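Asker: Below: sequence and its predicted model.
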Amino acid sequence: DGTYLTGTKLQAVVFSPDETRAYVAGNGKIYAIDLVSFKLIDTIQIPGGKNVVSLAAEGDYLYIGEGNGYGQGAGGYRILALDINPGSENYDTNPITLKGTGIEDSTYGVAGMSVGPEGSTLIVTVPKARNNFGAGSRGPAGDVLVFDLGSLDFDTGRIDKPVVAGYGNLVNTLQWPQTVTATYDADRFLVTSPNDYNHGLATLTLTRDANDKVTAAKIVAIDMSQKDRDVRVDRLDIQRAQSAVLVTDDNGNEYAIVSDDNYNFLDPYMKAMYEAPMFVQLSPMGPPTPVGGSASAKKVAIGGKLGIVKDPFGPNPQFIGATLPLDGYGIINLSLSEDGKVLVG
């Protein structure tokens, strides 16, 4: 009916835990697709539903994050839980609203969502500024919220107040947190922010008490710029980090692979290549000579790429390199196969 094509989408497709169905975020509704026939088998209406930005699934429930990329004041967006257990009497009906999340008061609602590998921690990003096509200006940083799903009462929708992540360094905070990805470690996640120019990848680390309850969360962003002295032909910075995954090599070394949804018009080298030069009469008999601007700018290749960060959760994460830029393309929506050997973007 076309409504899927409207509204902001971020992490909009998720598999059911038994891998028999895919759920797709719509506008006020969820689409269920059978993964044997690859046919639409159900359209689930959300009472009073708004645009769905992201989905996450765990156990018997699908978690639904409402939001959008524009608005003013309180948006009235929600996080909901939908029973997706085929043996339940409430299967694919009567989603419940999680109460006490604070999402209703936010302007843009939910951006990204991810459930940790232990199944009891839900991470939600809540931006406080509109994600746009520029490098953006500094303002209030968005929130990254940590919910304890073990505290959720599925009859009433009540859930414990979330833990709000703090920032671990003052230089590279995330301004517009968006996509969040779980790792194999229940206390470590990757968060990305496209509008944070050259430092849009961050680690999220959780701290728990003796009862395994999350008591604190810390975000540390990582610099992925390319120094001027290293620019030869290819621009190898990760300008707009859109999503990331964590991989481990045979020696146990960890690497974050991050996608660059690059906009070439934001790159200063690209701008210089097309900047009009000045024309100076160097010889009274000769033609004017172009000086500055495109006449003297370094000619570079610019585009989307995959960046590699060694030991991202360590004390000294290192941006060690990137693939060659894809002229005119960006890379988004990275995902990793369960065995960690296949990367799709």
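Answerer: Alright, I've got the coordinates. Numbering: from 1, shown residues only.
Asker: low pLDDT regions in the stretch 101-250 of the chain?
Answerer: 134-139, 168-172 (pLDDT under 70).
Asker: Do you have the strands of it handy? List them.
Answerer: 113-115, 121-126, 143-148, 163-164, 166-167, 180-182, 188-192, 201-208, 214-222, 241-248 (DSSP state E, counting those that start in this stretch).
Asker: Quickly run through the sheet partners of the longest one, with directions.
Answerer: Going back to what we said before, that points to strand 214-222. With DSSP bridges as the test, strand 214-222 is paired with strand 166-167 (parallel), strand 201-208 (antiparallel).
Asker: what about the shortest one, distance to the chain center?
Answerer: This means strand 166-167. Relative to the centre of its chain, strand 166-167 is centred 17 Å away, using Cα atoms, centre = their mean, to the nearest Å.
Asker: hmm, back to that, pipe the strands of the stretch 101-250 of the chain into TSV and attach distance to A256 and mean neighbour count per row.
Answerer: Backbone N, C-alpha and C define where each C-beta goes, glycine included. Shown next, in TSV, are these (distance: least, Cβ to Cβ, whole Å; neighbours: other Cβ atoms under 10 Å):
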stretch	distance to A256	mean neighbour count
strand 113-115	15	24
strand 121-126	16	26
strand 143-148	17	22
strand 163-164	23	16
strand 166-167	18	14
strand 180-182	9	23
strand 188-192	6	26
strand 201-208	6	22
strand 214-222	8	19
strand 241-248	5	23
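Asker: before we move on, which element is the residue lying farthest from the centre of the chain in?
Answerer: Within the chain, the residue lying farthest from the chain centre (Cα atoms, centre = their mean) is M285, at 58.8 Å. Using DSSP states H and E, M285 is not contained in any helix or strand.
Asker: Helix, strand, or coil at I33?
Answerer: The three-state label given to I33 by DSSP: H, G, I helix; E, B strand; the rest coil is strand.
Asker: is it in a bridge, and if so with what?
Answerer: For I33, the beta-bridge partners are A22, L40 (DSSP bridges).
Asker: surely it meets R21?
Answerer: Yes. With contact defined as Cβ atoms under 8 Å, I33 reaches R21; the gap is 6.4 Å.
Asker: Pick out whichever of these two has more residues nearby.
Answerer: Taking other Cβ atoms under 10 Å, I33 and R21 do not tie; R21 has more neighbours (21 against 16).
Asker: how far away is the residue nearest to that one when sequence neighbours are not counted from T97?
Answerer: Using Cβ to Cβ, 6 or more residues apart in numbering and skipping the chain neighbours, the partner closest in space to R21 is A32 (5.4 Å). Distance, A32 to T97, using Cβ to Cβ, to the nearest Å: 20 Å.
Asker: Please apply the same query to T205.
Answerer: Applying Cβ to Cβ, the value for T205 to T97 is 29 Å.
Asker: Take the strands paired with strand 214-222 and lay them out in TSV including distance to P325.
Answerer: Output for the strands paired with strand 214-222, formatted as TSV (distance: least, Cβ to Cβ, whole Å):
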stretch	distance to P325
strand 166-167	30
strand 201-208	17
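Asker: Pull the contacting residues for the residue nearest to R21.
Answerer: Contact analysis of A32 by Cβ atoms under 8 Å, 6 or more residues apart in numbering lists 21-24, 40-44, 92.
Asker: Of those residues, keep whichever come out buried.
Answerer: 21-24, 44, 92 (16 or more other Cβ atoms under 10 Å).
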